[in-house]
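> Build me a structure from this.
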Amino acid sequence: MKKVSTERQSGRLSRRDFMGTAAAMAAVTFVPRHVLGGAGNTPPSEKLNIAGVGIGGMGQNNVHACETENIVALCDVDWTYAESVFKKYPNARKWKDYRKMLDEQKDIDAVIVATPDHTHAVVAMAAMQRGKHVYVQKPLTRTVYEARMLTEAARKYKVATQMGNQGHSSEEVRMVCEWIQDGAIGDVHEVHCWTNRPVWPQGLDRPKETPPVPEALDWDLWIGPSPMRPYHPTYLPFNWRAWIDFGAGALGDMGCHVMDAAFWALKLKYPISVEASHSYEVPTMWTRFDNKETYPTAEVVHYQFPARDGMVPVKLHWYDGGMLPERPDDLEPGRKIPESGTIFVGSKGKIMCGTYSENARIIPETKMRAYTRPAKRIPRIENGPGGHEQDWVRACKGGPAASSSFDYSGPFTETVVMGNLAVLNPGKKLEWDGENMKVTNDEEANAYVRPAFREGWSL
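Just a heads-up that it's a prediction; the model follows:
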């Protein structure tokens, strides 16, 4: 990236610069760099130098969406899995260890983090501590504590941030928020959110086999801050989501999509209580299987939120693994409930929509047709290909904060993943002090709020 002197960054011209350009400037007004790009940011006329960490899966899509910029570094612990991405960007430097990359490659402005959930926090924190902007896939982190730390770090280091819940940049989620805040269905007091996930095996015990680690994979780096265990192909490249040490289950995977409209429209923050029930596939009839390795095959989670900003208290219910809410009485015969979606229950009606708030309708359809939609008041994001990533790119260059910056997505992620506290402690109503990140009526349940990192790893 083009180097700009300290004097130019501060908006001042040296005497040498002034004398050398006086004639040209007689007819041109000088626009200082801080006006173009914001203090510490790349101006819009220059390209960011972007690095991708965890590029074999969703990360390659995030990198592709940022091809308007310079892709200068690619990092993955499995070079076989990442091989096609390396070939696509032959000029980018290749790395296995993100720490070495950040220490040794000085031209990086911004970092995309799309590793498994358990390493989101350590990679993003290391980047922010070095003044790099960060885009982190959803869920922002695996645990409540990690999400809080990233939110506070983004404010401290004044970097541009975005969580990769791309539906947050959509027209549809803004429309649903506007309807609800317009009073289309009155006071919303209950929300039902569900997903068809998991689409990977859950309810598993730890594998007994210990096959050799593939040559191209750095297993120690993949494990990162989680407890060390022998390599097994059941964990990667995708099924790590099931494992408590590595992922956040179906709730963590899809909650940051499906619950987004409710969290935004209803101005939610921390719940005051959460409880859950779940099911594991049992190995033999009449045998209860309490698994401590993976999340359950199906679960229902109940959140309770207090009154806030003139809005009534809300109960939010989460379902996955084939569990569904009760079919609304006013949903017309023949109309299907989506495989994944949300139902808002208000004092004057209901709204039903899909995973990313798509196909939103007031039900029954007669009420939808009678409703006069409000004017658009929430700013829209250019949501073509890569719109969510480009929203972050603009923020890196001094534009408005990205739509799912950590100021929003940090507290949102805390709420989503703290539901797993109840999943791991079924049948208990856990009372939650969100400000202090603490279950107040069950000390044992706090173990998942901030699990210990493996020696040598920290935030």
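> Just the strands from the stretch 51-200 of the chain, written as ranges.
Shown for the stretch 51-200 of the chain, the strands assigned by DSSP state E, counting those that start in this stretch span residues 70-75, 93-95, 110-113, 133-137, 161-164, 188-194.
> in the stretch 251-400 of the chain, which segments are predicted with low confidence?
Within the stretch 251-400 of the chain, the stretches with pLDDT under 70 are 281-290, 383-385.
> tell me what the biggest helix by length in the chain is packed against?
What stands out as the longest helix in the chain, according to DSSP state H, is helix 406-423. In terms of contacts (3 or more Cβ pairs under 8 Å, 6 or more residues apart in numbering; DSSP states H and E), helix 406-423 is packed against helix 144-157, strand 161-164, helix 249-258, helix 260-265, strand 273-279, strand 298-305, strand 430-433. Backbone N, C-alpha and C define where each C-beta goes, glycine included.
> per the record, what domains does the chain have?
The record's domain split for the chain, according to automatic domain parsing, is 6-166, 168-382+407-448.
> which stretch among those domains comes nearest Trp457?
domain 168-382+407-448 (3.7 Å; Cβ to Cβ).
> Give me the neighbour count for Arg308.
13 (other Cβ atoms under 10 Å).
> Without its sequence neighbours, what residue ends up closest to the residue most central in space within the chain?
Taking Cα atoms, centre = their mean, the centroid of the chain lies closest to Lys138, which sits 2.6 Å from it. In space, and not counting its chain neighbours, Lys138 is closest to Cys256: 3.9 Å by Cβ to Cβ, 6 or more residues apart in numbering.
> who's in contact with the one you found?
138-140, 163, 165, 409, 412-413, 416 (Cβ atoms under 8 Å, 6 or more residues apart in numbering).
> Ala307 too?
Counted by Cβ under 8 Å, 6+ apart, Ala307 has contacts Pro313.
> Could you measure from it over to Val188?
Per Cβ to Cβ, to the nearest Å, Ala307 is found 12 Å from Val188.
> same check, this time on Asp330
From Asp330 to Val188 the distance is 16 Å (Cβ to Cβ).
> More neighbours: which of the two?
Of the pair Asp330 and Val188, Val188 is the one with more neighbours under other Cβ under 10 Å, namely 24 against 13.
> The more buried one against Gln181, yeah?
No: in this structure Val188 lies outside contact range of Gln181 using Cβ atoms under 8 Å: 9.8 Å.
> Need the overlap of contacts for the two.
Common neighbours of Val188 and Gln181 are listed as Ala265 (criterion: Cβ under 8 Å, 6+ apart).
> residues of stretch 203-221 that come out buried?
203-204, 217, 219, 221 (16 or more other Cβ atoms under 10 Å).
> Give the buried residues for the longest helix of the chain.
For helix 406-423, by 16+ other Cβ under 10 Å, it's 406, 408-423.
> swap in stretch 180-188?
In stretch 180-188, counting by 16+ other Cβ under 10 Å, buried: 180-181, 184-185, 188.
> Using CSV, lay out those residues together with pLDDT and distance to Tyr145.
Output for those, formatted as CSV (pLDDT from 0 to 100; distance: Cβ to Cβ, whole Å):
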residue, pLDDT, distance to Tyr145
Ile180, 98, 31
Gln181, 96, 32
Ala184, 98, 37
Ile185, 98, 36
Val188, 98, 30
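> Among those residues, list the two that are farthest apart in space.
Once Cβ to Cβ is applied, the buried residues of stretch 180-188 give Gln181 and Ile185 as the farthest pair, at 10.9 Å.
> got a list of what Arg327 touches?
Ile337.
> Hmm, I typed the wrong one, I wanted Val439.
421, 430-433, 445-446, 449.
> hmm, try it at 10 Å
273-274, 418, 421-422, 425, 428, 430-433, 445-449 (Cβ atoms under 10 Å, 6 or more residues apart in numbering).
> Give me the pLDDT value at it.
What the model reports as pLDDT for Val439 is 98.
> Bridge partners for it, pull those for me.
Trp432 (DSSP bridges).
> Gln166 versus that one, what's the distance?
Counting by Cβ to Cβ, the gap from Val439 to Gln166 is 32 Å.
> got it, and Gly310?
Distance of Gly310 to Gln166, given as Cβ to Cβ: 30 Å.
> for the stretch 201-350 of the chain, what spans make up the strands?
Assigned by DSSP E, counting those that start in this stretch, the stretch 201-350 of the chain shows strands spanning 273-279, 298-305, 314-320, 341-346, 349-354.
> Now the ones you listed in a markdown table, please, with extra columns for mean neighbour count and distance to Cys66.
A markdown table is the format used below for those (neighbours: other Cβ atoms under 10 Å; distance: least, Cβ to Cβ, whole Å):
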| stretch | mean neighbour count | distance to Cys66 |
| --- | --- | --- |
| strand 273-279 | 20 | 36 |
| strand 298-305 | 22 | 34 |
| strand 314-320 | 22 | 31 |
| strand 341-346 | 23 | 30 |
| strand 349-354 | 21 | 27 |
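> Distance to Lys106 for those - can I get that in CSV?
Output for those, formatted as CSV (distance: least, Cβ to Cβ, whole Å):
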stretch, distance to Lys106
strand 273-279, 44
strand 298-305, 44
strand 314-320, 44
strand 341-346, 45
strand 349-354, 44
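> Which among those strands is found nearest to Glu172?
Here strand 349-354 is closest among those (Cβ to Cβ), at 7.3 Å.
> Also compute the angle for that closest one relative to helix 249-258, please.
110 degrees (axes from the mean of the first three to the mean of the last three Cα atoms, to 10 degrees).
> that older thread, Tyr98 is nearest to which of the helices and strands packed on helix 406-423?
Between these, helix 144-157 lies closest to Tyr98; by Cβ to Cβ that is 15.2 Å.
> roughly how far out does that closest one sit from the chain middle?
13 Å (Cα atoms, centre = their mean, to the nearest Å).
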